[in-house]
Structures are given as structure tokens and as C-alpha cells.
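>>> return a 3D structure for these sequence lines:
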Amino acid sequence: MQDASRLVRKYHLGSATSIDEAVSSVADSLGGRIIIHEENTDVGITGAVFANEATGNVHILWFTKSVLGAQHRAHVIAHELGHIIAAHEAGRPLGSQLRCGDTILERMTTHPDELAAEQFATTLCLRIRDNASSPTDRVLGLSDGR
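Predicted coordinates for the structure are as follows:
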């Protein structure tokens, strides 16, 4: 994936104050719908993304039993958003970067697509945190992203 900061600018995410606002902005940029689903289960991962070819919609799932709170939810969704943008930037179908034989642990810790999605998520979530906090809180280091 290209530099995370450049992608945040390219997709007009620099002024987002919430992850939902960022998702909406990316959907507008891509000319489609991105739908977020909450799944109350634990499947060993925190999130997933898939495309419905029949409707053209992209779906982000986040698994509530694996997610530790609002900031973690935002990071999980931002990570999956990173995968959506990476697929679009590369001109490939969503999910085409998956390889048979990858274990979840190998993929999460070493696969370049996962590392790039993590970099994007961290960059975006820090930007959202800064946008959502007051300048005084940022200077004093009091912002906790709420």
C-alpha cells in the first residue's frame, strides 16, 4: 500500500472526526456503499471485509467479543478500510491478495498487506483523534480519543 499519510489526504480523510465519517468519505470517493456490521461472536479475529458482487456493496464486519472498546472498534474498521483502499489503488478485486495456505497468525504478523493496513489504520485513527480533541488537549497531551 502506498504511504498511509498520502492516502489519508487522497481520500479526503484529513478532517474526519469519527471512523464512520471516514468510511462515508471513502465510499463517496469510490462511488459505492460501505456497510458496517457488528457481529456478536468470537472467531479469533477482530474484523473482516468482503464485497458483494451482486449489489456492489462492500461490507466491513467487526466482532464485538474480540474488540475492546470504541477506540479499538475504530482501529479495526480503519484497518479493513485500508484493505478496501489498497485493493482500489491496485486495481484488483477486494480479497484478491489472499493466498491459500496463509494462516491467520502468519497473515496478521508478516504479510505486507496486513502491515500496510495496520499503518493506514494507525495513521487514520491518530488523525481522527487529533481532529476530535481540542487544541488545548492536544498541547497538554490530554486527548484520549473520546
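>>> low pLDDT regions in the chain?
1-2, 95-109, 134-146 (pLDDT under 70).
>>> all strands for it, in order.
Applying DSSP state E to the chain gives strands spanning 34-39, 47-52, 57-63.
>>> got those strands as a markdown table, with mean neighbour count and distance to Asp20 columns?
(C-beta placed from N, C-alpha, C; glycine too.) Listed next are these as a markdown table, based on neighbours: other Cβ atoms under 10 Å; distance: least, Cβ to Cβ, whole Å:
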| stretch | mean neighbour count | distance to Asp20 |
| --- | --- | --- |
| strand 34-39 | 15 | 7 |
| strand 47-52 | 17 | 15 |
| strand 57-63 | 20 | 11 |
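>>> got those as CSV, with distance to Pro112 columns?
Shown next, in CSV, are these (distance: least, Cβ to Cβ, whole Å):
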stretch, distance to Pro112
strand 34-39, 23
strand 47-52, 17
strand 57-63, 21
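>>> for His111, find the nearest of the ones you listed.
Taking Cβ to Cβ, strand 47-52 is the member of those nearest to His111, at 14.6 Å.
>>> just checking, what packs against that closest one?
Strand 47-52 makes packing contacts with strand 57-63, helix 70-90 when contacts are defined by 3 or more Cβ pairs under 8 Å, 6 or more residues apart in numbering; DSSP states H and E.
>>> parallel or antiparallel, list what pairs with that strand.
In the sheet, strand 47-52 lines up against strand 57-63 (antiparallel) (DSSP bridges).
>>> contacting residues around the strand it pairs with?
With Cβ atoms under 8 Å, 6 or more residues apart in numbering as the test, strand 57-63 has contacts from 23, 27, 32-43, 45-52, 73, 76-77, 80-81, 84, 94.
>>> do stretch 40-51 as well
Defining contact as Cβ under 8 Å, 6+ apart, one finds that stretch 40-51 is touched by 57-67, 72, 76-77, 79-80, 83-84, 93-95, 104, 108.
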